[in-house]
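Enquirer: When you get a sec, could you give me coordinates for this:
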Amino acid sequence: MITTTSPIQHAPPRKASLLHFGSLLLSKSLLHTAIGSHFDSIGGGIGTSYYSTTHNRKGSKLRSTMMHDFDGIDENDKDNSSYTAYNNQDYTGKGDEVNASARAESVNYSPDDPHVLVVGGGPCGLLTAILLRERGMHVTVLEKFPVRDKWSTKSYSINLGERGRTALLKAGLLDEVMEAAMPRDEIVVHDGISGRITTIIPKYPPDVALSRPDLSAALERVLLKKYQTKVRRGANVKELVLKRDDEKVEVILDNGESFVGTHLIGADGKWSAVRESVPYFSQQAMLRIEPSWGVHMTCPTIPSKWNKTSTVIFKPHKDAKFYVICAPLPSGACSITMVCFDETLERYPWLEPPPDRQKSWILEQVKRKQYYEDGPESDDIKLGKKLDEMFREELPALLESGIGMETLKTAVIHPRVSWLEMVMHRDSEHRQRDDTNDDGGDINKPETARADSSTHGDARYALGGIALVGDSCHACTASLGQGCNLSLESAVSLAESIDAVCSNGKITVDELSDAFILYGRTRPDDARNVQAASSAASRFSYKW
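Expert: Alright, predicted model coming up:
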């Protein structure tokens, strides 16, 4: 748990709220996206209204701790098979060469240059670090977990659509990512009873499909080989200190080690410790929980009847109120998710999801005992048998395609999907509504915003020095598969803000603060519509 020291106090825990929104009509193209997209967990994504920070900081060094931005991993998973030990030989195939490059990471920087700490070593944090290094900045990437996550039943296939592909193309990294990916060129919908194909939806240009670990590995490889910057793993944040005296940010690890610098970027996911450690941000964050969730399974092989470049949907009869989406992976395995809604529980109450942030149905075992017969089987076998019984009635075509108990016993019931709404800070809203500060200056100009921030409590220490990217600021539900796409796009958006304020080719500390302000004023609107559509699709119970 992160605490803060004076002058910043840790905000009280915010309770999740379940909100029911009015129905939202989806366009045909958006509907196709909803059907064909797989749940992705980059942490998937959360939207903000005003989330960047804006305080003028002058020449210092920033270091901090590692935060993982993958929502599906908890401390108990560090030693299980979901992880693989990191070593440079396995990672690049050129261990000695890369180690030499990593030792060369130290570059001569002036004390007056920006030193940016990126907290979070997932795809968004890695892409952010690459773009900052490309612009000549000193960057430290910090990741909480000591090893990179591996594909598991907590993982989902990522579909990089137009937003994600465009972001990688702008960053010049699309080719590197494509080496680990496969095209996803159509959506094929099957009748769950007969197996008959009822709909084929072409995707052109094709989406790019890959696993989150493979995307992270591709980006980390670029960061290490091209920019000699190695992700620092295994650090755990204890405190974040925003200091009055010298306008620096200090992060203290649980082992006592501390890092200090000029700017901080939170790329640590929906449960962002950076965001929650700064009341100016945490008090704006509202967790929204939607009435849908996924039951995820992994098939070790792709059924022979399926096209490897297709997303395959199985649709049961109308009363079932769920569907199954299957996504072949470049590894030769297949990610399978049963998408459930609250209405699903009317017939299958044993599919009740666990509380938010708890990943397994086993945690709810006591509640579920009434649904199972006593016996020596393990809980995964019991759940697998219940799914087999259910699919034989509702989706026999899925089982006949080659999905058997080996796959069903990998099932994990995930929590209800959630997203983060950032509510406009009261003082910021007032200033933006008036459009001027008390002195008549235009508050939309970074220089005025920095000066104006000095009278607004926590904002004085945060504004201009801290920015949130990816899920830490605009996490969305996985219903449209846009979480990773938005996250990558936010990294590019921040880089474009830096380019917009840089005057002579080398960014200064003050200019970087101005860029953070500009990013914070422009990015929220870009993400808000996607968040709204994704949350609506999470309530789009069997209407496609």
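
Enquirer: In this structure, what helix or strand scores lowest on average pLDDT?
Expert: Here the helix or strand of the chain ranked lowest by mean pLDDT, DSSP states H and E is strand 17-18, holding a mean of 24.

Enquirer: quick one: Gly505 and Asp113, what's the gap?
Expert: Here Gly505 is placed at a distance of 13 Å from Asp113 (C-beta to C-beta, to the nearest Å). C-beta here means a position set from N, CA and C on the backbone, and glycine is covered the same way.

Enquirer: Compare those two and say which is more crowded by neighbours.
Expert: Neighbour totals were compared for Gly505 and Asp113, and Asp113 leads with 19 against 7 (other C-beta atoms under 10 Å).

Enquirer: Contacts only, for that one.
Expert: Gly59, Met137, His138, Thr508, Val509 (C-beta atoms under 8 Å, 6 or more residues apart in numbering).

Enquirer: Report the secondary structure state of it.
Expert: The three-state assignment at Asp113 reads coil, by DSSP: H, G, I helix; E, B strand; the rest coil.

Enquirer: Please tell me the pLDDT value assigned to it.
Expert: Among the per-residue scores, Asp113 shows a pLDDT of 89.

Enquirer: and if you look at Ala285?
Expert: Turning to Ala285, the model gives it a pLDDT of 86.

Enquirer: Use 730 as the first number for this chain going forward.
Expert: All right, first residue 730 from here; so that's Ala1014.

Enquirer: My read is that it contacts Leu1149, right?
Expert: Yes: taking C-beta atoms under 8 Å as the definition, Ala1014 is a contact partner of Leu1149 at 5.8 Å.

Enquirer: neighbour-wise, which of these two wins?
Expert: Using other C-beta under 10 Å, the more surrounded residue of Ala1014 and Leu1149 is Leu1149, with 28 against 23.

Enquirer: Am I right that the more buried one sits in a strand?
Expert: Yes: the assignment for Leu1149 by three-state DSSP puts it in a strand.

Enquirer: State the distance from it to Ser1201.
Expert: When distance is defined by C-beta to C-beta, Leu1149 is 8 Å away from Ser1201.

Enquirer: Need the residues that contact the helix or strand harbouring Phe1043.
Expert: Secondary structure from DSSP states H and E places Phe1043 in strand 1039-1044. For strand 1039-1044, contacts defined as C-beta under 8 Å, 6+ apart pick out 764-767, 888, 913-921, 927, 1035, 1052-1057, 1124, 1126-1127.

Enquirer: Can you turn the buried part of these into a PyMOL selection?
Expert: A single PyMOL command is used to select the members of those judged buried by 16 or more other C-beta atoms under 10 Å:
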select buried, resi 764+765+766+767+888+913+914+915+916+917+918+919+920+921+1035+1052+1053+1054+1055+1056+1057+1124+1126+1127
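
Enquirer: Among the contacts of strand 1039-1044, which lie within strands?
Expert: Within the contacts of strand 1039-1044, residues falling in strands by DSSP state E are 888, 913-920, 927, 1052-1057.

Enquirer: Quick check: beta-bridge partners of the residue lying closest to Pro1059 once chain neighbours are set aside?
Expert: Nearest non-adjacent residue to Pro1059, counting by C-beta to C-beta, 6 or more residues apart in numbering: Met911, 4.6 Å away. Taking DSSP bridges as the rule, Met911 bridges to Ala938.

Enquirer: Near Met911, how many residues? Count them for me, please.
Expert: Neighbour tally, Met911, other C-beta under 10 Å: 18.

Enquirer: Could you check how far it is from Cys853?
Expert: 22 Å.

Enquirer: got it, and Asp1239?
Expert: Note on Asp1239: its distance to Cys853, by C-beta to C-beta, is 25 Å.

Enquirer: Those two: who's more crowded?
Expert: Cys853 (34 against 18).

Enquirer: you'd agree that one is in a helix?
Expert: Yes: assessed with three-state DSSP, Cys853 lies in a helix.

Enquirer: gap between it and Gln1013?
Expert: 20 Å.

Enquirer: Buried residues, stretch 1137-1155. List them.
Expert: Here stretch 1137-1155 shows 1137-1151, 1153-1154 as buried, counting by 16+ other C-beta under 10 Å.

Enquirer: So Leu1241 belongs to a helix, correct?
Expert: Yes: if the criterion is three-state DSSP, then Leu1241 is within a helix.
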